[in-house]
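Enquirer: coordinates for the following, if possible.
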Amino acid sequence: MKRALESDAVSAMEVEQAKSALREAEAAVRNAEAAVEQARTNLSYCTVVAPFDGSVSLSNFNDGAYLSGEGSPVALADIFDNSSLNVNFHIPDKSYIDMLRNKSQALGVDLEHIPLSFSDSIPHRYTCALSYMAPEIDKATGTLLVRATVQNPYDELRSGMYAELSLPYATDPQAVLVKDASIATDQRGKYVYTVNDSSKVVYTPVEVGELVNDTMRIITSGLGPHDRYVTKALLKVRDGETVNAKIVH
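Expert: This is a model prediction of the structure:
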């Protein structure tokens, strides 16, 4: 139109009208580009990408459901990062006092690999690391909140599971361990059958402590580190009986 105006082929008014039409067309293009960008943004909301790896809960919405989050956010599902979990438990205030009293014996205690056990056996063994201890005792329960962190490399553990752990707070290099199945109970308490130097069975009362690795029991008194005790045929042996002992390591 500008070149046509130079040769008087069109009027100046027609040129101005063409300029106005051009500006309207450019504005329409910009509006269309903005609409495309808005459509792309809206489309991106149709695909939710998790910010981390984990497991997702069951959604409350079916495919094709219309959701509007303008008033308030809409929760589609919960994502669980199960790579590591926290084990929360409480210990009585007396146990905390025992920990303080045995602090000098706790130098060899490994609080980075505390054994965990569950109500039933699972394919792998797990340990946890002590990560938090509450600064105060709960007055209502008389217990102290303690937290440990367990890694979950096989994705077997789930949030909400119940676990049992044995929190070590002292070491005893002279502790005596015996097979838990070798300890019997009668009206006088716990006892084991030992074998003396004359190969005679001796009824030996003992005091026991905690269970270790599900099979071994700590003996706090009654046995020495070199005493021999009966591990098999417990129903057949009798106090004072002579046996042909076979030592099993």
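
Enquirer: which helix or which strand is home to Asp197?
Expert: Assigned by DSSP states H and E, Asp197 belongs to no helix or strand.

Enquirer: tell me how far it lies from Arg3.
Expert: Distance, Asp197 to Arg3, using C-beta to C-beta, to the nearest Å: 126 Å. Quick note: C-beta positions are derived from backbone N, CA and C, even for glycine.

Enquirer: phi, psi of the residue nearest the centre of the chain?
Expert: Residue closest to the mean C-alpha point of the chain, counted by C-alpha atoms, centre = their mean, is Leu85 at 2.8 Å. With angles defined as degrees, to the nearest 10, Leu85 sits at phi -130, psi 160.

Enquirer: go on, Leu167?
Expert: Note on Leu167: its backbone torsions stand at phi -80, psi 110 [degrees, to the nearest 10].

Enquirer: what is the longest helix anywhere in the chain packed up against?
Expert: Ranked by residue count under DSSP state H, the longest helix found in the chain is helix 12-44. If you count contacts as 3 or more C-beta pairs under 8 Å, 6 or more residues apart in numbering; DSSP states H and E, helix 12-44 packs onto helix 2-6.

Enquirer: restrict the helix it packs on to CA atoms and write it as PDB.
Expert: The C-alpha trace of helix 2-6 is given here as PDB (Å, rounded to 0.1, in the frame of the first residue of the first chain):
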ATOM      1  CA  LYS A   2       2.900   2.400   0.700                       C
ATOM      2  CA  ARG A   3       4.500   1.700  -2.700                       C
ATOM      3  CA  ALA A   4       1.100   2.200  -4.300                       C
ATOM      4  CA  LEU A   5       0.600   5.500  -2.500                       C
ATOM      5  CA  GLU A   6       3.900   6.800  -4.000                       C
END
